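J.: Take a look and give me a structure for this.
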Amino acid sequence: MRIGHNFAENFSFAAVMLRLVRTLRRNPTDAEYLLWKHLRRRQLAGFRFRRQHPVGSFVSDFACLEARLIVELDGSQHVEQSNYDLRRDAYLRARGFRVLRFWNSDVIARTARVLDTIFEALHRPDMDGRFD
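T.: Numbering: from 1, shown residues only. Take a look at the predicted model:
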(Lines give C-alpha, C1' and ligand atoms only; values in the text may rest on other atoms or scores of the structure.)
Protein backbone atom coordinates (compact mmCIF):
# COMPACT_ATOMS: atom_id res chain seq x y z
CA MET A 1 0.00 0.00 0.00
CA ARG A 2 1.37 3.35 -0.99
CA ILE A 3 1.01 6.07 1.60
CA GLY A 4 0.26 9.44 0.12
CA HIS A 5 -2.48 11.94 -0.44
CA ASN A 6 -5.29 9.36 -0.27
CA PHE A 7 -4.01 8.05 3.05
CA ALA A 8 -4.15 11.55 4.52
CA GLU A 9 -7.65 12.10 3.19
CA ASN A 10 -8.85 8.76 4.56
CA PHE A 11 -7.21 9.40 7.92
CA SER A 12 -8.77 12.86 8.11
CA PHE A 13 -12.22 11.49 7.20
CA ALA A 14 -11.91 8.76 9.84
CA ALA A 15 -10.94 11.30 12.50
CA VAL A 16 -13.88 13.55 11.60
CA MET A 17 -16.25 10.57 11.60
CA LEU A 18 -14.99 9.42 15.01
CA ARG A 19 -15.57 12.89 16.49
CA LEU A 20 -19.08 12.97 15.00
CA VAL A 21 -19.94 9.51 16.36
CA ARG A 22 -18.69 10.43 19.84
CA THR A 23 -20.70 13.65 19.81
CA LEU A 24 -23.86 11.83 18.75
CA ARG A 25 -23.37 9.19 21.45
CA ARG A 26 -22.96 11.86 24.12
CA ASN A 27 -26.09 13.75 23.03
CA PRO A 28 -28.87 11.24 22.31
CA THR A 29 -32.44 12.34 21.69
CA ASP A 30 -35.02 11.19 24.23
CA ALA A 31 -36.20 8.53 21.77
CA GLU A 32 -32.65 7.27 21.14
CA TYR A 33 -31.99 7.07 24.87
CA LEU A 34 -35.23 5.16 25.48
CA LEU A 35 -34.70 2.68 22.65
CA TRP A 36 -31.06 2.11 23.60
CA LYS A 37 -32.20 1.08 27.10
CA HIS A 38 -33.99 -1.84 25.43
CA LEU A 39 -31.45 -2.74 22.73
CA ARG A 40 -28.15 -2.61 24.61
CA ARG A 41 -26.49 -5.63 26.20
CA ARG A 42 -28.25 -8.10 23.88
CA GLN A 43 -31.58 -7.53 25.61
CA LEU A 44 -33.62 -8.01 22.46
CA ALA A 45 -33.55 -11.68 21.47
CA GLY A 46 -29.82 -11.90 22.20
CA PHE A 47 -28.86 -9.69 19.25
CA ARG A 48 -26.06 -7.17 19.70
CA PHE A 49 -26.80 -3.62 18.61
CA ARG A 50 -24.32 -0.80 18.16
CA ARG A 51 -25.34 2.79 18.75
CA GLN A 52 -24.32 5.55 16.32
CA HIS A 53 -22.47 3.07 14.13
CA PRO A 54 -20.69 4.41 11.02
CA VAL A 55 -21.46 2.73 7.70
CA GLY A 56 -19.40 4.33 4.95
CA SER A 57 -19.97 8.06 5.11
CA PHE A 58 -23.19 7.72 7.13
CA VAL A 59 -23.85 7.14 10.82
CA SER A 60 -26.70 4.80 11.66
CA ASP A 61 -28.68 5.34 14.85
CA PHE A 62 -28.63 1.62 15.71
CA ALA A 63 -27.07 -1.28 13.82
CA CYS A 64 -27.20 -5.01 14.33
CA LEU A 65 -24.36 -6.27 12.17
CA GLU A 66 -25.23 -9.92 12.75
CA ALA A 67 -28.74 -9.44 11.28
CA ARG A 68 -27.62 -6.73 8.80
CA LEU A 69 -30.36 -4.50 10.25
CA ILE A 70 -30.23 -0.75 10.77
CA VAL A 71 -32.79 1.08 12.89
CA GLU A 72 -33.21 4.80 12.22
CA LEU A 73 -35.17 7.20 14.41
CA ASP A 74 -36.61 10.22 12.69
CA GLY A 75 -37.65 13.56 14.14
CA SER A 76 -39.67 16.24 12.44
CA GLN A 77 -36.64 17.43 10.41
CA HIS A 78 -36.86 14.23 8.35
CA VAL A 79 -40.08 15.41 6.69
CA GLU A 80 -38.02 18.07 4.91
CA GLN A 81 -35.09 15.79 4.08
CA SER A 82 -36.91 12.81 2.62
CA ASN A 83 -34.74 12.84 -0.53
CA TYR A 84 -31.61 12.61 1.61
CA ASP A 85 -33.13 9.73 3.58
CA LEU A 86 -34.01 7.89 0.36
CA ARG A 87 -30.43 8.21 -0.93
CA ARG A 88 -29.05 7.17 2.43
CA ASP A 89 -31.34 4.12 2.65
CA ALA A 90 -30.39 3.11 -0.90
CA TYR A 91 -26.69 3.36 0.03
CA LEU A 92 -27.22 1.19 3.12
CA ARG A 93 -29.30 -1.38 1.23
CA ALA A 94 -26.62 -1.57 -1.47
CA ARG A 95 -24.24 -2.64 1.29
CA GLY A 96 -26.56 -5.46 2.38
CA PHE A 97 -28.42 -3.76 5.24
CA ARG A 98 -32.15 -3.65 5.80
CA VAL A 99 -33.41 -0.34 7.18
CA LEU A 100 -36.28 0.22 9.60
CA ARG A 101 -37.41 3.79 10.29
CA PHE A 102 -39.46 4.93 13.26
CA TRP A 103 -40.66 8.37 14.24
CA ASN A 104 -39.28 9.56 17.58
CA SER A 105 -42.85 10.04 18.82
CA ASP A 106 -43.66 6.38 18.07
CA VAL A 107 -40.64 5.19 20.04
CA ILE A 108 -41.77 7.22 23.03
CA ALA A 109 -45.53 6.56 22.83
CA ARG A 110 -45.48 2.96 21.48
CA THR A 111 -42.20 1.53 22.73
CA ALA A 112 -43.47 -2.05 23.00
CA ARG A 113 -44.83 -1.98 19.44
CA VAL A 114 -41.54 -0.60 18.08
CA LEU A 115 -39.61 -3.32 19.92
CA ASP A 116 -41.98 -5.98 18.54
CA THR A 117 -41.37 -4.68 15.00
CA ILE A 118 -37.59 -4.77 15.49
CA PHE A 119 -37.84 -8.27 17.00
CA GLU A 120 -39.83 -9.45 13.99
CA ALA A 121 -37.32 -7.91 11.58
CA LEU A 122 -34.46 -9.68 13.36
CA HIS A 123 -36.18 -12.98 12.65
CA ARG A 124 -37.52 -12.16 9.14
CA PRO A 125 -34.76 -11.31 6.69
CA ASP A 126 -37.29 -9.98 4.15
CA MET A 127 -38.68 -7.26 6.45
CA ASP A 128 -37.72 -3.70 5.62
CA GLY A 129 -39.33 -0.29 5.71
CA ARG A 130 -41.14 2.29 7.77
CA PHE A 131 -43.14 1.65 10.87
CA ASP A 132 -46.78 2.79 10.57
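
J.: Okay, strands next: where are they in this protein?
T.: Ranges of strands within the chain are 50-55, 58-64, 69-74, 98-103, 129-130, based on DSSP state E.

J.: Turn the ones you listed into JSON lines, including mean pLDDT and mean neighbour count.
T.: Heads up, the C-betas are built off the backbone N, CA and C, glycines and all. Listed next are the strands of the chain as JSON lines, based on pLDDT from 0 to 100; neighbours: other Cβ atoms under 10 Å:
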{"stretch": "strand 50-55", "mean pLDDT": "95", "mean neighbour count": "17"}
{"stretch": "strand 58-64", "mean pLDDT": "96", "mean neighbour count": "21"}
{"stretch": "strand 69-74", "mean pLDDT": "96", "mean neighbour count": "23"}
{"stretch": "strand 98-103", "mean pLDDT": "96", "mean neighbour count": "20"}
{"stretch": "strand 129-130", "mean pLDDT": "58", "mean neighbour count": "12"}
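
J.: With distance to Ala15 added, can I get these in CSV?
T.: As requested, the strands of the chain are arranged in CSV below (distance: least, Cβ to Cβ, whole Å):
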stretch, distance to Ala15
strand 50-55, 12
strand 58-64, 14
strand 69-74, 23
strand 98-103, 27
strand 129-130, 33
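
J.: mind checking which of those strands is nearest Glu120?
T.: Shortest distance between Glu120 and those, using Cβ to Cβ, is found for strand 98-103: 9.8 Å.

J.: So which elements touch that closest one?
T.: strand 69-74, helix 82-94, helix 111-123, strand 129-130 (3 or more Cβ pairs under 8 Å, 6 or more residues apart in numbering; DSSP states H and E).
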